[in-house]
Each structure stands twice: as structure tokens, then as C-alpha cells.
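In: Predicted coordinates and the sequence they were generated for:
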Amino acid sequence: MRILHVLSAEFFAGSVAYAVQLAEAHRAQGHRVWLVSDAAQLPTGATLVPAPISNRRYGQRLRNARLIRRLIQAEDIQVVHAHSRAASWVSHLALRGLKVPLVSTVHGRQHLHASTSLFDIYGDKVIAICGNLREHLVAEVKMAAAKIVEIPNGVAFRNEKAPGVAVSSVTGSPSELRIAFIGRFNGGKGERAAALLQQVFPVLLRELPALRVALIGGELEHLPEAGKTALAQLQAEFGERVEVVGFTRDMPGWLARTTLVIGAGRVAVEALGAGRAVLALGEATFEGLVTEATFGAAAASNFGDISARQAPSAVDFSAVLAAAWGYLQAPQPVTAALQQQVRAHYDLPTVAARVLETYQAARMRKAVPAFIPVLMYHKIPDAPLDTKHQIYVTKDNFAKHLAYFKARKLTPITFADYLSFAAGERPLSEFPARPIILTFDDGYTDNYTNLLPLMQQYGYRGVLYLLGDFDVRHNQWDLAADPTEPRSDIMDRAQKQAFVAAGWEIGAHTMSHPRLTTLPLPEAAQEIARSKAALETALHTSVVSFAYPYGDLNEAVKQRVREARFALGVATDTGGLTIEDDRMQVFRVNMFPNESTSSLFKKTSTWYRKYYRWKRGK
């Protein structure tokens with residue numbers, strides 16, 4: 001893709017570091033990246049265009065918008081990614097009338113005034129970096145929940161070995177302890193640093209003769225006056241044991257020499273990823289010592305920086321002192337499990353992949369804002385079946401369905417086709433005006449004898465959802481539940497391969513067709529992941545979508561589908577208004593034996609999903 005980032009920070013803040021690392025991750029994958037930023041120099045190989053984005057004067061905003069618009073048109077930019085409200089404003093102006101989507105990452109709470117809710121300048125998709133921020137955007141900013149995706153800021157972790165080493169090697173020497181406040185020294189972070197200098201560090205330095213205190217970060221000159229006074233007093237009393245480092249490019253070196261880090265946001269993530277213990281203290285709250293048990297809550301607040309609702313941000317610094325004192329009395333290395341947890345959650349390649357998916361979602365939301373009918377079929381028998389499960393359409397009736405689609409000028413595509421348009425591999429100008437996706441579950445033999453020839457007659461392709469276990473040769477799950485159900489045979493390998501040869505998309509449908517929510521999660525994860533691997537190996541085709549058996553799913557199962565690297569998960573009569581509302585729960589329309597012309601019209605109309613939701617409240 002051709003990606004433009006717009007940044008407004010005048011100094012190298014965490015949001016800037018994240019944007020730069022994200023740009024480099026996408027460049028490494030072959031994408032073209034540009035950055036428009038206040039900074040004339042940034043550590044990136046992307047094309048950098050300096051502009052005073054943080055200047056909020058109306059005249060300058062208009063000039064910034066014109067510059068961005070010219071860049072978008074000259075370089076054929078496919079998505080714009082803004083990283084602050086100021087950046088979103090000028091990007092929103094620049095994109096008026098263009099079909100290029102805007103994605104905004106919200107790195108912190110937004111000011112709650114009328115214009116924040118009245119003027120939605122954040123674009124087609126919004127990335128909230130933590131759970132509290134997502135709640136704030138929905139509950140307080142009144143942003144549509146469907147456009148928000150929660151993705152943390154990614155970190156390119158160094159390859160340190162997992163912790164578990166002796167504390168002496170963690171801290172540098174058996175007798176040396178170091179506690180470090182790492183962060184900015186202006187604004188809310190500066191106030192926290194000043195309070196530490198007044199209420200916490202003096203006590204620790206007096207009680208622990210081996211302790212050193214390091215102050216690491218930018219904007220030291222903006223430390224509140226009370227903090228400057230306290231710092232001067234500490235330097236006079238403790239001399240070189242108080243280390244005023246300021247901004248440094250050797251953060252890994254300082255982390256390696258630090259016993260306990262006090263910080264929030266990216267600082268906490270990098271420290272924990274490096275195996276350093278962290279007291280999470282941010283502009284909003286004090287989360288305490290981060291452990292395996294407290295990681296989830298700490299991550300939801302971005303380690304103390306972000307509250308879900310507007311609330312006082314007072315911190316009890318006696319609790320901070322007690323926590324620091326307790327840890328420094330008996331330091332313990334960060335557990336390997338916690339370090340792994342942090343690295344998995346904030347892993348930059350994983351985050352970059354999810355952001356790229358968000359770009360694609362924004363691109364398709366902009367280009368295809370209406371519901372794309374996704375129809376769900378199963379058996380295509382010669383004659384009606386004696387079954388209480390009405391999951392068949394006879395061969396003759398299905399032929400009528402195809403004739404109807406042809407008459408209405410509906411164009412069948414696959415999910416793989418959809419993804420190629422979303423990724424920019426195919427121009428959106430070629431996307432069909434009236435798309436439809438035809439899906440078929442389980443892989444019954446009548447799909448080979450009846451379905452495939454009919455589809456080929458019309459020049460159509462569909463999506464066939466198969467079990468990963470090729471030894472399953474009939475609908476044994478139906479018979480296990482009700483022995484009176486008719487047996488329906490499943491295709492052999494050669495018959496399934498014929499669909500691949502005909503250009504069909506093959507999707508996964510688990511290994512054995514269980515109800516996934518009834519299984520232990522590890523077992524469900526195995527059913528999902530193994531089916532993808534088995535189908536790709538046996539049929540020599542890429543498997544990008546997954547169908548939930550029985551439409552049975554919950555959030556934990558959906559997460560396992562994502563972790564198995566499926567791009568899409570398709571449901572049954574549940575899901576969003578469009579594919580991009582939730583790629584892991586795509587709404588499919590159930591098709592029955594006796595569909596009429598009016599029901600076909602209804603089920604293939606772009607308004608059907610809204611109608612269905614209104615009628616059933618789903």
C-alpha cells in the first residue's frame with residue numbers, strides 16, 4: 001500500500017516513536033510510506049515532508065491541508081494515518097471530496113468540549129491504544145463503537161534473553177540499586193516527577209545507601225518549580241547518587257542498569273519487555289507494581305496514563321513510596337511469563353499487521369459502505385431431503401437462484417477477491433457495482449456433482465468451507481445428535497481439489513465440526529488452527545477465511561480465529577452491518593429450500609442487514 005502518516009509532536013514523544021517504528025515495519029514489508037511532521041528529521045527511511053502540523057492557527061491549518069492534499073494526489077496515497085487531533089483535523093480537511101480513507105490513532109484522552117463530539121474529524125477508522133481509551137471514546141466522546149478498533153502501540157523489542165537471572169546481574173553489581181523515573185518532565189508527567197522528588201526519592205535515598213536515582217527523559221527544563229527545588233536539594237545532599245540523565249539514545253543500556261522503573265505508556269512496555277520491574281505511574285492513576293496478575297488492568301490504562309471516565313487524578317504518593325520500598329528491599333526479576341505476556345501483546349510485527357488490516361478496512365468502508373450480501377448454502381441435492389434441518393436447496397431451485405442473480409446483474413466474488421481489493425492489489429475501479437458472496441459449508445458430494453457444474457455454467461465462483469480432517473466422509477455430527485437424520489456423504493480429496501482448480505476459495509470449518517464454545521479454549525484453538533494448516537497442505541491453496549460451525553462463537557473463540565491468522569471469520573445470522581464492522585464475525589444470510597423471488601430479492605439487497613437487525617433486534 002501507499003501510506004501517509006501525519007504527526008504533530010514537536011519533540012520525539014512516544015506517539016512519534018510508535019509512528020516511526022510502524023512506518024519502518026510496513027516499509028520492510030514492501031509498502032511505500034511518507035511522513036508529514038513538525039520534525040524536519042526523524043529516524044526513518046520513509047519520505048519525510050516537514051510541516052508545522054501542531055500550529056493550530058486557521059491559516060496555517062489550511063496551508064497544511066493543502067500541502068497534504070497535493071501530496072496525496074501527486075503520490076497516489078491510498079490511506080492517511082493521523083496520530084493526534086491536530087493531525088486528524090488537517091487530514092480531514094485535506095481529504096474532503098477524495099476517496100482516500102483516513103485512519104486516526106488516538107493516543108490519549110480527548111478534551112470533552114462540544115466540538116469534540118459535534119465534529120468527527122477522526123476519519124473512517126479509529127485506533128484506540130488501550131481499553132480505557134476505547135471506553136472513553138464511546139462513552140464520553142460519543143464515537144460510534146463500530147469504527148473503533150483497539151490496537152496497542154507496537155514496540156520493536158530487543159532480543160534479550162528471558163529473565164530469571166540473579167538480581168545482582170540485573171542491577172549491575174551485587175551492592176548497587178537504581179530506581180529510574182523515565183518520561184517527560186512537562187505537563188502531567190512533570191507533576192508526577194516533582195512529587196516523586198519531594199515525597200518518595202528523599203526517603204529512599206536516606207534509607208538505602210546503595211541506591212541511585214536516575215531521571216531520564218526530555219523536557220527537563222519544564223519540570224515544575226517545586227520539582228526543580230527538590231532536585232537541587234537532593235543533588236546537594238546525595239551528590240552523584242542523583243543522576244540527571246535527560247534525553248538519551250541509550251535507553252537499553254540504562255534499563256539494563258536499573259532495578260526498578262517508574263513510568264507509564266511506552267516506557268513501561270519497553271522496560272517490562274526488557275525484563276525490568278515497573279511501578280506503573282501515569283498522568284491518570286498509580287497502578288502499582290506490574291505483575292502477571294495486574295498486567296491486564298495496567299495495560300487497559302496504558303500503565304496509568306489513561307482513565308476510562310473523567311475523574312480526579314490525585315495519587316497517594318505514600319502508596320508509591322511503600323511499593324518502591326517493598327520492592328527494593330527484596331528485588332525479584334520480572335518473571336519469564338510476564339515478559340512473554342508483554343512482548344506478545346505489544347509485538348510490533350503483530351501490531352503492524354493489525355494496523356494494515358485497519359487500513360484495508362478503512363479503504364473498503366470508504367469504497368463499499370453498504371452491506372455485501374453473503375449467502376450461506378450447504379447441500380445441493382437432486383431432490384428434497386427428509387430432514388428437520390432445512391439446510392439444503394435442491395439442484396433445480398439452486399439453478400433458479402443463479403438465474404435470478406444473473407438477471408439482477410449480481411457479481412459473485414470470493415473473500416479472497418475482497419481482500420485483494422482491500423490490500424490495493426487490485427484497483428477499486430474494478431470492484432463490482434453489485435457484489436455478492438456465495439458460500440457453501442461442509443463439502444457434501446452433491447456440491448461436486450450438482451453445485452460445481454451449475455456455477456461453472458454461469459461463470460461463477462464461490463467459497464467452499466471444508467473440514468481439515470479428510471477422513472470425515474459424512475455428516476457424522478448430525479447423526480450423533482439425531483440418528484434419524486439422513487446420512488450425507490462428503491467429497492473425497494480429488495473432488496475437493498476440483499474446486500481449487502476451478503478458482504474457488506477454500507475456507508476452513510474446523511477439523512471435526514464441533515460447537516467451539518463448548519470446548520476448552522486450547523482444544524477450540526487446535527480445531528481452528530489445525531484446520532487451516534491441513535487444508536493448505538492437502539489442497540495447495542491459501543486459506544484466508546473461517547466459518548464457525550453452527551454459527552457458534554463468542555469473543556474468546558473469535559480471538560483464537562484471529563490468532564490462527566485468518567483474515568475473516570464468517571458467522572450465521574449474526575455480525576455487523578458490513579464486513580468491516582467486524583472481520584471476525586461477518587454476517588451470513590441462511591438460505592432455505594423454498595426461497596421465493598421476493599425472498600431472494602430481500603436477501604440479496606444491500607438494505608437486508610439493517611432490515612434484519614430492525615426486525616429481530618440483532
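Out: In hand now; what should we look at?
In: could you point out which element follows the lowest-mean-pLDDT helix or strand in the chain?
Out: Least confident helix or strand of the chain, by mean pLDDT, DSSP states H and E, is helix 167-171 with a mean of 38. Next helix or strand after helix 167-171 toward the C-terminus (DSSP states H and E): strand 177-182.
In: Other residues contacting that following strand?
Out: Strand 177-182 is contacted by residues 171-172, 192-193, 196, 201, 204, 208, 210-217, 251, 254, 257-263, 267, 271, 324, 328, 331 when judged by C-beta atoms under 8 Å, 6 or more residues apart in numbering. In this view, the C-beta of every residue, glycine as well, is placed from N, C-alpha and C.
In: Going by neighbour count, which residues of that strand are buried?
Out: Neighbour-count burial for strand 177-182, counted by 16 or more other C-beta atoms under 10 Å, picks out 177, 178, 179, 180, 181, 182.
In: Just the CA trace of that strand, in PDB.
Out: Output of strand 177-182 as PDB, limited to C-alpha atoms (Å, rounded to 0.1, in the frame of the first residue of the first chain):
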ATOM      1  CA  LEU A 177      20.400  -0.500  43.300                       C
ATOM      2  CA  ARG A 178      19.000   2.000  40.900                       C
ATOM      3  CA  ILE A 179      15.400   3.400  40.600                       C
ATOM      4  CA  ALA A 180      14.700   5.400  37.500                       C
ATOM      5  CA  PHE A 181      11.800   7.800  36.600                       C
ATOM      6  CA  ILE A 182      11.600   7.700  32.800                       C
END
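In: what residues are up against the residue nearest to residue 423 when sequence neighbours are not counted?
Out: Counting by C-beta to C-beta, 6 or more residues apart in numbering, residue 423 lies nearest to residue 360, which is 5.7 Å off, once chain neighbours are set aside. With contacts defined as C-beta under 8 Å, 6+ apart, residue 360 is in contact with 1, 419, 422, 423.
In: after whichever strand or helix holds residue 360 comes which helix or strand?
Out: Element membership of residue 360 [criterion: DSSP H and E] is helix 348-367. The helix or strand immediately downstream of helix 348-367 is strand 374-377, counting by DSSP H and E.
In: Outside of that next one itself, list whatever touches it.
Out: Contact partners of strand 374-377, identified using C-beta under 8 Å, 6+ apart, comprise 393, 398, 436-441, 451, 570, 572, 579, 586-591, 603-604.
In: If any of those residues are buried, give me the PyMOL selection for them.
Out: Buried subset of these, written as a PyMOL selection, criterion 16+ other C-beta under 10 Å:
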select buried, resi 393+398+436+437+438+439+440+441+451+570+572+579+586+587+588+589+591+603+604
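In: mind listing which of the contacts of strand 374-377 are in helices?
Out: Using DSSP state H, the subset of the contacts of strand 374-377 located in helices is 398, 603.
In: Now go through the contacts of strand 374-377 and say which are in strands.
Out: Of those, the ones assigned to strands by DSSP state E are 436, 437, 438, 439, 440, 441, 570, 589, 590.
In: My guess is the second one contacts residue 411. True?
Out: No. Counting by C-beta atoms under 8 Å, residue 437 sits too far from residue 411 to count as a contact (10.1 Å).
In: Tell me where the stretch 451-600 of the chain has strands.
Out: Listed in chain order, the strands of the stretch 451-600 of the chain (DSSP state E, counting those that start in this stretch) span 463-466, 505-508, 545-547, 568-570, 589-590.
In: Relative to residue 185, how far out is residue 250?
Out: 18 Å (C-beta to C-beta, to the nearest Å).
In: show me where the stretch 401-550 of the chain has helices.
Out: 415-422, 445-446, 452-458, 476-481, 493-501, 521-539 (DSSP state H, counting those that start in this stretch).
In: Could you list the low-confidence segments of the chain?
Out: When residues are selected by pLDDT under 70, those of the chain lie in 10-12, 114-118, 160-175, 618.
In: Confirm that residue 215 sits in a strand.
Out: Yes. Residue 215: assigned to a strand according to DSSP: H, G, I helix; E, B strand; the rest coil.
In: Ignoring the adjacent residues along the chain, who's closest to it?
Out: Excluding its sequence neighbours, the residue lying closest to residue 215 (C-beta to C-beta, 6+ apart) is residue 244, at 5.2 Å.
In: For whatever helix or strand that neighbour lives in, report the contacting residues that lie outside it.
Out: Element membership of residue 244, judged by DSSP H and E, is strand 242-246. For strand 242-246, contacts defined as C-beta under 8 Å, 6+ apart pick out 201, 205, 212-218, 220, 231, 234-235, 254.
In: Paired strands for it, with orientation please.
Out: According to DSSP bridges, strand 242-246 forms sheet pairs with strand 211-216 (parallel).
In: Give me the buried entries from the contacts of strand 177-182.
Out: Among these, the ones that count as buried by 16+ other C-beta under 10 Å are 171, 192-193, 196, 201, 204, 208, 211-217, 251, 254, 257-263, 267, 271, 324, 328.
In: buried ones in stretch 469-489?
Out: Counting neighbours by 16+ other C-beta under 10 Å, stretch 469-489 gives 470, 472, 475, 477, 478, 485, 488 as buried.
In: Let's have the residues you listed in TSV, adding distance to residue 520.
Out: Below are the buried residues of stretch 469-489 laid out as TSV (distance: C-beta to C-beta, whole Å):
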residue	distance to residue 520
470	25
472	21
475	24
477	18
478	23
485	27
488	29
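In: Most widely separated two among those residues?
Out: Farthest-apart pair in these is 470 and 485; separation 22.0 Å (C-beta to C-beta).
In: First-to-last residue distance for stretch 109-122?
Out: 14 Å (C-alpha to C-alpha, to the nearest Å).
In: Likewise for stretch 72-82?
Out: The first residue of stretch 72-82 is 14 Å away from its last residue (C-alpha to C-alpha).
In: Mind jotting down where the strands sit in the stretch 1-150 of the chain?
Out: Listed in chain order, the strands of the stretch 1-150 of the chain (DSSP E, counting those that start in this stretch) span 2-6, 32-37, 47-50, 79-82, 102-106, 125-128, 148-150.
In: would you list those in CSV and tack on mean neighbour count and distance to residue 518?
Out: Output for the strands of the stretch 1-150 of the chain, formatted as CSV (neighbours: other C-beta atoms under 10 Å; distance: least, C-beta to C-beta, whole Å):
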stretch, mean neighbour count, distance to residue 518
strand 2-6, 25, 42
strand 32-37, 22, 45
strand 47-50, 16, 52
strand 79-82, 30, 40
strand 102-106, 26, 37
strand 125-128, 25, 32
strand 148-150, 18, 27
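In: Now render those as JSON lines, adding distance to residue 566.
Out: As requested, these are exported to JSON lines (distance: least, C-beta to C-beta, whole Å):
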{"stretch": "strand 2-6", "distance to residue 566": "24"}
{"stretch": "strand 32-37", "distance to residue 566": "26"}
{"stretch": "strand 47-50", "distance to residue 566": "34"}
{"stretch": "strand 79-82", "distance to residue 566": "22"}
{"stretch": "strand 102-106", "distance to residue 566": "22"}
{"stretch": "strand 125-128", "distance to residue 566": "20"}
{"stretch": "strand 148-150", "distance to residue 566": "16"}
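In: what ranges do the strands span in the stretch 151-300 of the chain?
Out: Under the criterion DSSP E, counting those that start in this stretch, the stretch 151-300 of the chain contains strands at 177-182, 211-216, 242-246, 260-263, 277-281, 286-289.
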